[in-house]
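I would like the atomic coordinates for the input below:
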Amino acid sequence: MVNSPTICQITVDRALEPAQRSDPTVTIIQYMDDILIAAPSVSQVDRAVSTVSETLKTNGFEIATAKIKKGQCVTFLGVGISSSYITPPQIKIHQDIKTLHDMQQLVGSLQWLRNIVLIPRKVTDPLNDLWKGKNSWEQKTLTPEATRSLDFIKQQMSVSTLTRWDAGAPIYLYVHLTKKRGVGALAQGPPDKAQPILWVVLGKPSRAFSPGIECLGSLIMKGRKLALKHLGAEPTMIYLPFRKQFSAQSTTISEHLAIDPAGFGGEIHYAAKPPWTQLLAIVDIDLPPKIVDRP
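Residues are numbered from 1 along each chain as shown. Got it, this is the predicted structure:
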């Protein structure tokens, strides 16, 4: 398994299945040989740790007792987790780029920041441009724009935090149009004081141009999937970036936003600008009606 990360992941995951079923209130997250256990009480955590240790030993795995860390402040895969907030992994950004392979490794390492640090699309574009090529030995050097992007990312890593998710509070999904596609956030708290618990960013577009409404739809669908995957619940409210409510006759918005077809049962609100929007080049839009009363 040392030489096959995939086999390691699958084998440990299967070994943990009995422990995961033993207490539905306990959350067990496993990546390779790193395991994070969370529960509502300390006693539940202790029982879960014992169950996991016994289960893994039964399956032939060795548990390094010295590496078991307990408490409200822990680190998992480089992510700092405290009782109230989360800090991003402090990855090493190597700027001594000489080949396409070096550039690919650099961009690949930045994926660990995805959904944890707010990095607008306009920041990553200069880096993605250097990622293009056919042969790993092709010569590459950082452009001034790419260097500025890396400086921005390092600054964001040093100051960025996410708020810990409160299971008893509603989850809100905010989506924003920017000059470079869009950005979303799963957050909690009133709009003027909302604190992000997870950023929602889109990958590289599949074509040169995508309508803004389509980008919003993609952000909404991705945000809902992230909420279900990581938090186990749908957002209770979605905030759209329009200045006013659209009518049923407005442009084909329901199709692109994919709210009604996918069975979203929460509320829709409009024109909210939480604190983080000052970091984005927000584009305000109104929707032209598809059908008008008169010419």
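
make it CA atoms for all contacts and neighbour counts henceforth
Noted.

Show me what whichever strand or helix holds residue 239 is packed up against.
Under the criterion of DSSP states H and E, residue 239 resides in strand 237-240. If you count contacts as 3 or more Cα pairs under 8 Å, 6 or more residues apart in numbering; DSSP states H and E, strand 237-240 packs onto strand 172-177, strand 267-270.

Pull out the CA atoms of the last one and give them to me as CSV.
Listed in CSV are the C-alpha atoms of strand 267-270, where the atom choice follows Å, rounded to 0.1, in the frame of the first residue of the first chain:
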residue,chain,number,x,y,z
GLU,A,267,-35.9,30.6,0.3
ILE,A,268,-34.5,32.9,-2.4
HIS,A,269,-33.3,36.4,-1.4
TYR,A,270,-31.7,39.2,-3.4
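
Can you list the strands that it pairs with?
According to DSSP bridges, strand 267-270 has the following sheet partners: strand 237-240 (parallel).

I would like the residues contacting the partner strand, please.
Contacts with strand 237-240, where a contact means Cα atoms under 8 Å, 6 or more residues apart in numbering, come from 171-176, 266-272.

If you rank those by neighbours, which is first?
Counting neighbours by other Cα atoms under 10 Å, residue 174 leads the contacts of strand 237-240 with 31 neighbours.

Let me know whether that one touches residue 185 as I believe.
Yes. Look at residue 174 against residue 185 with Cα atoms under 8 Å: they come within range, at 5.2 Å.

any idea of the mean pLDDT in the strand holding residue 239?
For strand 237-240, mean pLDDT is 87.

And stretch 164-181, by the same measure?
For stretch 164-181, mean pLDDT is 85.

Could you tell me the end-to-end distance of it?
For stretch 164-181, the first-to-last residue distance is 27 Å (Cα to Cα, to the nearest Å).

Provide the secondary structure category for the residue nearest the centre of the chain.
Centrality entry for the chain: nearest residue to the mean C-alpha point is residue 115, 2.5 Å, by Cα atoms, centre = their mean. The local conformation at residue 115, judged by DSSP: H, G, I helix; E, B strand; the rest coil, is coil.

Please apply the same query to the one 10 residues further on.
Secondary structure of residue 125, reduced to three states by three-state DSSP: helix.

separation between it and residue 119?
Residue 125 is 11 Å from residue 119, by Cα to Cα.

Please identify which of the two sits among more neighbours.
Taking neighbours as other Cα under 10 Å, residue 125 and residue 119 compare with residue 119 leading, 21 against 16.

Determine the three-state secondary structure at the residue nearest to the more buried one when sequence neighbours are not counted.
Counting by Cα to Cα, 6 or more residues apart in numbering, the nearest residue to residue 119 once its immediate chain neighbours are dropped is residue 153, at 7.0 Å. Under three-state DSSP, residue 153 falls in the helix class.

For residue 153, grab the count of nearby residues.
For residue 153, using other Cα under 10 Å, the count is 20.

what's the pLDDT at it?
Per the predicted model, pLDDT is 91 at residue 153.

for the stretch 151-295 of the chain, what spans make up the strands?
Secondary structure of the stretch 151-295 of the chain (DSSP state E, counting those that start in this stretch): strands at 162-163, 172-177, 182-188, 195-201, 237-240, 267-270.

Which of the ones you listed sits closest to residue 11?
strand 195-201 (29.0 Å; Cα to Cα).

Pull out the buried residues from that closest one.
Counting neighbours by 16 or more other Cα atoms under 10 Å, one finds that the buried residues in strand 195-201 are 195, 196, 197, 198, 199, 200, 201.
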